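Model the structure of this input:
(2 chains)
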Amino acid sequence: MAKRIDVSGLSAYYGSHKAIDDISMTVEPRSVTAFIGPSGCGKSTFLRTLNRMHEVTPGGRVEGKVLLDDEDLYGSGVDPVAVRRTVGMVFQRPNPFPTMSIFDNVAAGLRLNGTHKKSQLNDIVEQSLKGANLWNEVKDRLNKPGSGLSGGQQQRLCIARAIAVEPDVLLMDEPCSALDPISTLAIEDLIGELKERFTIVIVTHNMQQAARVSDRTAFFNLAAVGQPGKLIEIDETERIFSNPSVQATEDYISGRFG
Amino acid sequence: MEITKETAPPPPAVPAAAAHGRRGVTRPGDRIFSGLSRGSGILLLVLMAAIAVFLTVRAANAISQDHGNFLTTFEWDANTTPPVFGIAVLLYGTLVSSVIAMAIAVPIAVGIALFMTHYAPRRLGGPLAYVIDLLAAVPSIVYGLWGALFLVPHLQGLTSWLDQYLGWTVIFDQSNPGTAPRNLFTAGILLAIMILPIITNVSREVIRQVPAAHEEAALALGATRWETIRMSVLPFARSGIISASMLGLGRALGETMAVVTVLSSSDKLTAHILDPGGGTFAANIASHFGEATSLGRDALIASGLVLFVITLLVNGAARVIIARRKEYSGANA
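Purely as a prediction, here's the structure:
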């Protein structure tokens, strides 16, 4: 079930360093929202606050609210482990479990959730691999290690692993930056299909990619190195790339940044 | 991901012919260094060959004069005429004490390593590592003295308890209840303490090398800390932990002084590990060498050769275990 994300007044810290400052935004269900901005502007940090992965980093700490539909992810008594089971994540570099087979990689999250019945696992693994457009390439070698696949296949395997547990939201942190153009295209097509079922947030350095895949785009920026990153604006992707309301956005998009 | 690259198998070395086939400027520095490194490699081979030849020649001499069966005889009377000696008790004692040591030390060492890398607050990690290094710095004779004077009397209670409640397993049955525990069990515990630092330190380094990306993969799926360790950390570190354990086993197999001091050695071979007596290769050599005749020394050398072979086999087995699941090891991630 895709859910709406509602962020208000969110700041994140690494120890005493403030990485992002007072961010508020709404992400609609069954849509793709892209985060763009220069390196160090905090867009990945912000993404990681949406599934409470930020606090895994030593010294990582968050202030503010993230509502998933009506539930505050940072409410007292909310278990971060439970949050991460409903908000899936795909990382910059494909990171399948190297010691597991392709099948076990996809089944890993299901097993964590207590699904152990073989027939059920078989069904969901097949569905998920089909959903990630990987099934035809791996159906004959499900018991081979996932690390033997190509980079693009590994990334789709990671997507299959993330969607197997039917998350409410799918976060993608520069999912194509380690891939060649053909694999990138495959992932972008896949994102277009996945948004029918999930709320998708994607961080990207590639502005053409943001323009191609997203419905809405958020631009982040920082005043200077060492300053916290801020959300400059968020709007319909078309508008951001044609007629943004803030000058800084236009400068960044047209390459006049810095 | 830098770490992954480091753990990846090194690229195949350039064939020597290719390296030398290219004619060009030869710099004296290159020549000297290549000579030195080649010399070091050859020196190692020569040393190994010399040790092997020495051991084999002297061992063959002793075994040919043995009036008992070298493999199955219990006694070690190499100085008498006719000489009767065999390694049955030593082989058994060495293996049993080392297995006990491994059974105790490996789980504790992996536990300490995980605690230091994943659970302990950072300011506790440093002092803890220091204490473990300190444990490695204690000379083995000091362990032996501590074992004999402290551990033996204090293990009396545990020994009696094991005899009373687990005596039915035969292993923990004491033939004469109440005898001082100068037995293989105590030796095993002492060995466990001695091999703990090396297994802990190597395991800790291996566990540190687990790429953060693997752990994040598990965390992002909603794995708890323990599940993350089970899914990402331990599988990746598995072969390294096996290597660490083998290093510890090597030390346990060859440990001498601590066993000599704790064990009351005898020719007895018994499944009752709480009964005093038994012996190990290294301890037997240490306690017989001073009074040995020429043949007696050769006999001890023969037993040393067996220890050498066992250690080789253990290392070989470890390599097989590691290689068998290499494609899953994570080194190629």
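
pLDDT wise, what is the closest residue in space to residue A:68 that isn't next to it in sequence at?
With sequence-adjacent residues excluded and distances taken as CB to CB, 6 or more residues apart in numbering or on different chains, residue A:68 is closest to residue A:3, at 5.1 Å. C-beta here means a position set from N, CA and C on the backbone, and glycine is covered the same way. Per-residue pLDDT puts residue A:3 at 89.

Could you verify my assumption that residue A:3 touches residue A:168?
Yes - under the criterion of CB atoms under 8 Å, residue A:3 makes contact with residue A:168 at 4.1 Å.

Can you pull the residues that touch both of the two?
Jointly contacting residue A:3 and residue A:168 under the rule CB atoms under 8 Å, 6 or more residues apart in numbering or on different chains are A:68, A:199.

and the residue nearest to residue A:68, what helix or strand is that in?
Counting by DSSP states H and E, no helix or strand carries residue A:3.

Relative to residue B:321, how far out is it?
47 Å (CB to CB, to the nearest Å).

neighbour-wise, which of these two wins?
Shown here are residue A:3 and residue B:321; by other CB atoms under 10 Å in any protein chain shown, residue A:3 has more neighbours (21 against 14).

Next, the buried residues of whatever helix or strand residue B:320 lives in.
Element membership of residue B:320 [criterion: DSSP H and E] is helix B:294-324. For helix B:294-324, burial by neighbour count (16 or more other CB atoms under 10 Å in any protein chain shown) applies to B:295-308, B:310, B:314, B:318, B:322.

Stretch A:26-46 too?
Buried residues in stretch A:26-46 (16+ other CB under 10 Å): A:27, A:29, A:31-37, A:41-46.

Just the ones of those in helices?
Among the buried residues of stretch A:26-46, the members falling in helices are A:43, A:44, A:45, A:46 (criterion: DSSP state H).

Once you drop chain neighbours, what's closest to the first one?
Spelled out, it's residue A:43. Per CB to CB, 6+ apart, closest to residue A:43 is residue A:35, 4.1 Å.

contacting residues for that neighbour?
So residue A:35 contacts A:43, A:46, A:47, A:201, A:202, A:203, A:204, A:217, A:218, A:220 (CB under 8 Å, 6+ apart).

Please repeat the previous calculation with a cut-off of 6 Å.
Listed by CB atoms under 6 Å, 6 or more residues apart in numbering or on different chains, the contact partners of residue A:35 are A:43, A:203, A:218.

Please name every helix or strand in contact with the helix or strand hosting residue A:124.
Assessed by DSSP H and E, residue A:124 sits inside helix A:118-131. Judged by 3 or more CB pairs under 6 Å, 6 or more residues apart in numbering or on different chains; DSSP states H and E, the packing partners of helix A:118-131 are helix A:102-112, helix A:151-164.

Output the below-cut-off pLDDT ranges for chain A.
Scanning chain A for pLDDT under 70 picks out A:257-258.

Pull up the residues of the stretch 101-250 of chain B that are close to chain A.
Within reach of chain A by CB under 6 Å from any CB of the partner chain, the stretch 101-250 of chain B has these residues: B:213, B:217, B:219, B:220, B:221, B:222, B:223, B:224, B:235.

Just give me the neighbour total for the fifth one.
The tally of other residues near residue B:221 (other CB under 10 Å) stands at 27.

mind listing what the closest residue to it other than its chain neighbours touches?
In space, and not counting its chain neighbours, residue B:221 is closest to residue A:109: 4.2 Å by CB to CB, 6+ apart. Residue A:109 sits next to A:164, A:165, B:221 when contact means CB under 6 Å, 6+ apart.

Columns distance to residue B:85 on top of those, output as a markdown table?
Formatted as a markdown table, these follow (distance: CB to CB, whole Å):
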| residue | distance to residue B:85 |
| --- | --- |
| A:164 | 65 |
| A:165 | 66 |
| B:221 | 61 |
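
quick check, nearest of the contacts of residue A:35 to chain B?
Closest approach to chain B among these (CB to the nearest CB): residue A:203, at 14.2 Å.

what sits opposite the closest one in the beta ladder?
residue A:35, residue A:173 (DSSP bridges).

so where's chain B uncertain?
Short version for chain B, where the test is pLDDT under 70: B:1-23, B:325-333.
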